Each structure stands twice: as C-alpha cells, then as structure tokens.
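Trainee: With the sequence up front, the predicted model follows.
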Amino acid sequence: MNAIDLLITRQSTPQLIAPSPDKTDLELILTAGMRVPDHAGLLPFHFTVVQNEGLTKLSDIFVQAIKPSTTDQAKLDKTAKMPFRAPLIVVVSTQYQRHDKVPKHEQLITAGCCVHAMQMASVALGYGAMWRTGDLSLNDHVKQALSIDLHEDIVGFLYIGTQAKSLPLKPTKLYDDRVSYL
Ligand SMILES: Cc1cc2nc3c(=O)[nH]c(=O)nc-3n(C[C@H](O)[C@H](O)[C@H](O)COP(=O)(O)O)c2cc1C
C-alpha cells in the first residue's frame with residue numbers, strides 16, 4: 001500500500017482476532033510509534049505492550065478498577081472481556097517532561113501522534129487496529145497497576161490484530177466545510 005492510499009483510506013477495526021503482529025512486525029509498529037513529531041525531542045510517552053498472559057492481567061486490572069463502583073455482575077463480566085477484543089494492545093501513556101518551551105499540551109499531542117502512527121503502521125502491515133480510551137483510561141487503579149504515575153495520562157489503548165471480517169471502506173469525508181483559505 002502506498003503512503004497516500006494509507007493516509008486517505010485508514011479506518012478502524014473493532015473486531016480483531018489472532019494472529020497478532022509477530023516480533024518483527026511489532027518492532028516495526030513500535031518503531032513507527034517512536035517516529036513522531038516531538039518538540040525538543042523530549043520523548044514524552046511510554047508504550048506498554050500487552051499480549052498473551054498480559055491480556056489476562058489487564059482483564060484483572062480492569063475488573064479490580066471498577067469493583068469499588070459496581071457490583072453489577074454483567075458489567076464486571078463485560079469489563080473482564082474488554083482486553084480480549086484483540087490479541088495485542090499497546091497502551092500509550094504520557095511521560096511529561098519539564099521544559100521551558102514545550103508545554104504539557106504539546107507533549108500530549110506528541111503521545112497522541114504515537115497512537116496514530118502505530119495504527120497506521122499496523123494497517124500498512126495488513127492488520128487492523130482501533131484506538132480506545134473510555135473511563136478505564138482515566139482510572140487511578142489502572143494507572144497504578146500499569147506502573148503509570150497518576151499525573152500522567154493514558155492516551156490510548158491501541159488494539160491490534162487481524163481483522164475478523166473485511167469491512168467496507170467508509171466513505172471519504174469531504175473537507176470543504178473544514179477548510180478556508182486566507
Ligand atoms: C483519543 C481517542 C479515543 C477514542 N476512544 C474510543 C473508545 O473508547 N471507544 C470507541 O469505540 N472509539 C474510540 N475512539 C474512536 C475510534 O478509535 C475510531 O476513530 C472511530 O470509531 C471512528 O472510526 P474510524 O477510525 O474508522 O474513522 C477514540 C478515538 C480517539 C482519537
């Protein structure tokens with residue numbers, strides 16, 4: 001797939017199954033995640049790779065995270081299943097650095113670019129991927145269990161795998177209403 005085709009046809013894949021990227025492909029995906037615009041080269045991000053037994057650990061973490069706020073067994077069961085929506089998840093979190101010229105929001109944008117770059121790399125390699133967040137990305141128990149400081153942000157859970165079924169290409173969004181010319 002050439003670069004322009006990738007850029008103008010990227011879309012998300014909610015249903016993902018094995019096989020997940022092998023070691024070589026995972027390295028390419030992570031390398032793409034490192035190659036983001038990054039003011040002052042602060043590397044203000046961290047990637048936590050979750051696969052194999054890691055998915056079960058993440059499932060336990062999610063369940064423990066919501067237990068204080070619910071006893072609804074259906075909700076607990078649904079939450080437990082969440083990490084198994086793909087065979088591989090890359091959790092992207094911030095790693096904010098103090099810098100005179102690079103405010104926090106710029107570092108957050110850079111971390112967001114990492115998620116996008118890794119989704120694009122996944123698609124380019126023939127996989128599907130989906131960027132998810134939700135309440136669990138804001139949850140202190142989840143952060144602590146993933147060794148993410150509470151003052152950092154979880155920017156995304158990037159679910160990656162093989163597309164369970166091929167999806168029709170979504171229509172192109174027209175840019176006319178979002179562009180003006182000076
Ligand atoms: C920061 C961020 C967080 C997101 N979180 C979720 C989420 O938790 N659940 C979800 O269904 N989609 C979420 N999305 C949206 C999907 O990743 C996806 O972009 C959306 O469904 C549109 O599909 P498309 O990527 O094929 O255009 C999020 C997107 C972004 C940028």
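Mentor: Arrived safely.
Trainee: Near the ligand, which residues of the chain are found?
Mentor: Within reach of the ligand by Cβ under 6 Å from any ligand atom, the chain has these residues: Gln11, Ser12, Met130, Trp131, Arg132, Thr133, Gly134, Gly156, Lys170. Glycine gets a C-beta too; all of them are placed from N, C-alpha and C.
Trainee: Which strand runs longest in this protein?
Mentor: For the chain, the strand with the greatest residue count under DSSP state E is strand 154-163.
Trainee: Could you find the closest non-adjacent residue to the one residue sitting closest to the centre of the chain?
Mentor: Geometric centre of the chain, nearest residue: Leu158, 2.4 Å, by Cα atoms, centre = their mean. Nearest non-adjacent residue to Leu158, counting by Cβ to Cβ, 6 or more residues apart in numbering: Val90, 4.6 Å away.
Trainee: what's that neighbour sitting at in phi/psi?
Mentor: phi -110, psi 120 (degrees, to the nearest 10).
Trainee: cool, and Gln51?
Mentor: phi -160, psi 170.
Trainee: Could you check how far it is from Lys57?
Mentor: Here Gln51 is placed at a distance of 10 Å from Lys57 (Cβ to Cβ, to the nearest Å).
Trainee: more neighbours, those two?
Mentor: Gln51 (18 against 14; other Cβ atoms under 10 Å).
Trainee: Could you report the pLDDT at the more buried one?
Mentor: Gln51 is assigned 98 on the pLDDT scale.
Trainee: Give me the nearest residue to it, chain neighbours excluded.
Mentor: Leu88 (4.7 Å).
Trainee: Test of understanding: give the bridge partners of that neighbour.
Mentor: As for beta bridges, Leu88 partners with Gln51, Ile160 under DSSP bridges.
Trainee: count of residues packed around it?
Mentor: 25.
Trainee: Ok, Leu138 next?
Mentor: 11.
Trainee: tell me the contacts of it?
Mentor: Ile154 (Cβ atoms under 8 Å, 6 or more residues apart in numbering).
Trainee: per-residue pLDDT, it?
Mentor: Leu138 is given a pLDDT of 98.
Trainee: Give the PyMOL command for selecting the buried subset of the residues of the chain next to the ligand.
Mentor: A single PyMOL command selects the buried members of these (16 or more other Cβ atoms under 10 Å):
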select buried, resi 130+131+132+156
